[in-house]
Structure formats: C-alpha cells, structure tokens
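# What would the 3D arrangement of this be:
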Amino acid sequence: MDALARIAERKILEAMKEGDLNSEKWKNRPLPLDDDRFVPDDLKMAYKILKNSGYLPPEIEAKKEIKKLEDLIACTEDEHTRLKQMKKLNVLLMKLETKRSSPSNIAAQDDYYRKVVERITLHSQQKEKTGPG
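Predicted coordinates for the structure are as follows:
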C-alpha cells in the first residue's frame, strides 16, 4: 500500500470514529450523480477534477457572465447603461457562438432583445411625456 492510500485510510477511520460520515440526509438514498452526459468520455475525469477545484470550463463561465448581464439589464433603469450592457451581452454571445462547433438557436434570444428594446422605448416615451425628473 502506498503512502497516499495509508493516509486516506487513516483519515477515513478518524472520520468514522468522530461520526463525521454519519449523515441522515443520505441514509438509504443514492448519491446524486453529476449530469455529465454531454461531456465526452475522455474529458469527464478532467472536468470533474476542475469542477471540484472550483474551476469551470470557459463555456460555463461565459454562460454565467451572460446570465449576470441579462439580470443587470432587466433591473437597470438608465437607458444609456442598459444599452452598454446589451452591447456587452451581444459581444459575449458572439464569442460563445464562435467557440461552438454547431450554431445555437439565437432566435430564442431575439425575442428577449425585442422585449428589452420595447421596454427601453416605452420607458423613454413615458419620460418625455412626463418631463425630466
């Protein structure tokens, strides 16, 4: 037995003695599996190691950034700031699109942009009618 296996065994025995491994939450239940069916078999282990270390694939990081920008756009009142954020979002979407091997369905996002532009237009028209401030 190599040194790492001995250390692991010792840590497991210590945890068992202290009761750290007794969890009623998972008793008689299967452990949750990661949804990695879309990850190629040769990359699954590497992705799991990166995920456990706190790193995500660039595509996932980009999607998280896109979601943050969408939320920011939805709650921003200033049209100038909203348009700047929409431009950033558009750039991120284009970068993500170029990295894909097959094109995604951007048409679903066109509806989102149309709604945002309508909201900006309506908000601007209401401000013009009511006056500044």
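
# Centre of the chain to the one helix or strand Lys44 maps to, how far?
Applying DSSP states H and E as the criterion places Lys44 in helix 44-52. Distance of helix 44-52 from the chain centroid (CA atoms, centre = their mean, to the nearest Å) equals 16 Å.

# Tell me which other helices or strands it touches.
Using 3 or more CB pairs under 8 Å, 6 or more residues apart in numbering; DSSP states H and E as the contact test, no helix or strand touches helix 44-52. Heads up, the C-betas are built off the backbone N, CA and C, glycines and all.

# Look up the pLDDT of Leu13 for me, please.
pLDDT for Leu13: 90.

# if we can go back for a sec, report the rounded mean pLDDT for the helix holding Lys44.
85.

# how about that helix as PDB, C-alpha atoms only?
Below are the C-alpha coordinates for helix 44-52, written out as PDB (Å, rounded to 0.1, in the frame of the first residue of the first chain):
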ATOM      1  CA  LYS A  44     -15.200  13.600 -17.900                       C
ATOM      2  CA  MET A  45     -12.400  13.000 -15.300                       C
ATOM      3  CA  ALA A  46     -10.600  16.200 -16.200                       C
ATOM      4  CA  TYR A  47     -13.800  18.200 -15.900                       C
ATOM      5  CA  LYS A  48     -14.700  16.600 -12.600                       C
ATOM      6  CA  ILE A  49     -11.300  17.500 -11.200                       C
ATOM      7  CA  LEU A  50     -11.600  21.000 -12.400                       C
ATOM      8  CA  LYS A  51     -15.100  21.300 -11.000                       C
ATOM      9  CA  ASN A  52     -14.000  20.000  -7.600                       C
END
